[in-house]
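[1] give me a model of this one.
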Amino acid sequence: MNKVVVNSMGDQCPVPVVKATHALRDMKEPGVLEVRVDNEIAVQNLNRLAGGYKLPIHSEKVSDGEFVVTMEVKEPVQVVVAEDETLCTPDARGSFVVAVDTDAMGRGDDKLGRTLLKGFLYAVSQLPQLPKTILFYNGGAHLTVKGSESLDDLKSMEAQGVEILTCGTCLNFYGLTDELAVGGVTNMYSIVEKLAGASKIIKP
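    Residues are numbered from 1 along each chain as shown. Below is the predicted model:
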């Protein structure tokens, strides 16, 4: 499969979106477009671009100040190349916090509950306004470690600037301290601060 890499490190809006749009226009065969940027706003705008053309997209935070956004192009895209500030949109992160204290949503069958929670986190990742922070504690700690089916969605949100935090005591209790695969480790004092400072709190 053809792979096109666009380096937009150091570029400010609207340059990353303009470069990606030009690259999409020039792709005459199925392939993958990979765009490298250095800020969350660029990741958010590239996600919007892909959404506008209904392209599957994956965004990942490689390191501090380095993000990779990958779009799957299954057929040539009829794009309109704009080169003005209308491509730049405000930060998509809101001031609300999502608190996840379990790995299964609702009461009843746990297998169904895990499927529901996976769908919940995916739905959060698709909101027009993303949360400021997602907190994981108690059973929720299982969702941020290796093997979690929600890692792609969580990494995508992290790449767009969403703070992903997991309770360190909980990771230790479940023997998962060395398995953390997304976000950082936090403590109860910080969890209380995040919840107290939120405009609203959403719990699955």
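[2] can you give the domain ranges for this structure?
    Domain assignment of the chain by automatic domain parsing yields the ranges 2-87, 97-202.
[3] dump those into CSV; add mean neighbour count as well.
    Where you see a C-beta, it was placed from the backbone N, CA and C, and this is true even at glycine. Listed next are the domains of the chain as CSV, based on neighbours: other C-beta atoms under 10 Å:
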stretch, mean neighbour count
domain 2-87, 17
domain 97-202, 18
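[4] those domains: lowest mean pLDDT?
    Ranked on mean pLDDT, the bottom entry among the domains of the chain is domain 2-87, at a mean of 89.
[5] could I have the CA atoms of whichever helix in the chain runs longest written out in CSV?
    Longest helix in the chain by number of residues (criterion: DSSP state H): helix 110-125. The C-alpha atoms that make up helix 110-125 are tabulated as CSV, following Å, rounded to 0.1, in the frame of the first residue of the first chain:
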residue,chain,number,x,y,z
ASP,A,110,-19.9,-8.1,33.0
LYS,A,111,-19.1,-9.2,29.5
LEU,A,112,-21.8,-6.9,28.2
GLY,A,113,-20.7,-4.2,30.6
ARG,A,114,-17.1,-4.3,29.1
THR,A,115,-18.5,-4.0,25.6
LEU,A,116,-20.7,-1.1,26.7
LEU,A,117,-17.7,0.7,28.3
LYS,A,118,-15.6,0.2,25.2
GLY,A,119,-18.4,1.8,23.2
PHE,A,120,-18.7,4.6,25.8
LEU,A,121,-15.0,5.6,25.5
TYR,A,122,-15.2,5.5,21.7
ALA,A,123,-18.3,7.8,21.9
VAL,A,124,-16.4,10.2,24.1
SER,A,125,-13.6,10.3,21.6
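[6] and the following helix or strand past that helix, which strands flank it?
    Going down the chain from helix 110-125, the next helix or strand is strand 133-136, by DSSP states H and E. Based on DSSP bridges, the strands next to strand 133-136 in the sheet, each with its direction, are strand 97-100 (parallel), strand 163-167 (parallel).
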